[in-house]
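S.K.: return atomic coordinates for the entry below.
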Amino acid sequence: MARNSNEQTLGELIDKVIKTYGLETRITREKIAGVWEKVMGSFIASKTEKITLQKDTLIVELNSSALCNELNYAKEKIIESINKEFGKNVIKKIIIR
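M.R.: Predicted coordinates:
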């Protein structure tokens with residue numbers, strides 16, 4: 001069954017609304033905590049105090065200085081894993097405190 005040129009799928013309409021109203025960043029901010037836990041695991045997620053996304057920079061605040069030190073060595077791998085989960089380059093830089 002062929003679609004008329006003015007017909008769109010629901011997914012196409014949702015994408016259009018998201019782009020029209022500039023909601024992509026807001027949706028990404030809402031998803032980031034769930035992605036953080038999925039990528040890093042429940043132990044690290046439980047040690048995470050706060051996650052903030054500012055443009056393309058992820059700021060992660062931890063309640064363990066030892067873990068903070070450890071994760072600072074793995075920044076590139078963390079960025080790669082989060083971007084892979086999103087299916088696009090959302091994060092370019094990560095700050096771990």
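S.K.: any idea how far Lys88 is from the closest residue to Leu62 other than its chain neighbours?
M.R.: Once flanking residues are discounted, Leu62 sits nearest to Cys68: 4.7 Å by CB to CB, 6 or more residues apart in numbering. (Glycine included, C-beta is placed from N, CA and C.) With distances taken as CB to CB, to the nearest Å, Cys68 is found 27 Å from Lys88.
S.K.: the more surrounded of the two?
M.R.: Between Cys68 and Lys88, counted using other CB atoms under 10 Å, Cys68 has the larger neighbour count: 15 against 10.
S.K.: surely the more buried one is in contact with Ile96?
M.R.: Yes - here Cys68 lies in contact with Ile96, judged by CB atoms under 8 Å, at a distance of 5.5 Å.
S.K.: common neighbours of those two, please.
M.R.: Common contacts of Cys68 and Ile96, defined by CB atoms under 8 Å, 6 or more residues apart in numbering, comprise Leu62.
S.K.: ok so, going back, quick check: phi and psi at the residue nearest to Leu62.
M.R.: The phi and psi values for Cys68, taken as degrees, to the nearest 10, are phi -60, psi -50.
S.K.: now do the contacts for it.
M.R.: Neighbouring residues of Cys68 by CB under 8 Å, 6+ apart: Leu62, Ile96, Arg97.
S.K.: contact partners for the closest residue to the last one other than its chain neighbours?
M.R.: Leaving out its chain neighbours, the residue that sits closest to Arg97 by CB to CB, 6+ apart is Glu61, at 5.1 Å. Under the criterion of CB under 8 Å, 6+ apart, the contact partners of Glu61 comprise Thr48, Glu49, Lys50, Ile51, Thr52, Arg97.
S.K.: and the spatially most central residue of the chain, what's its pLDDT?
M.R.: Computing the C-alpha centroid of the chain and ranking residues by CA atoms, centre = their mean puts Ile32 first, at 3.8 Å. With respect to pLDDT, Ile32 has a value of 89.
S.K.: one step back: part of a strand, is the residue nearest to Arg97?
M.R.: Yes - counting by DSSP: H, G, I helix; E, B strand; the rest coil, Glu61 is located in a strand.
S.K.: what is the longest helix of this protein by residue count?
M.R.: Longest helix of the chain, by residue count under DSSP state H: helix 24-40.
S.K.: lovely, talk soon.
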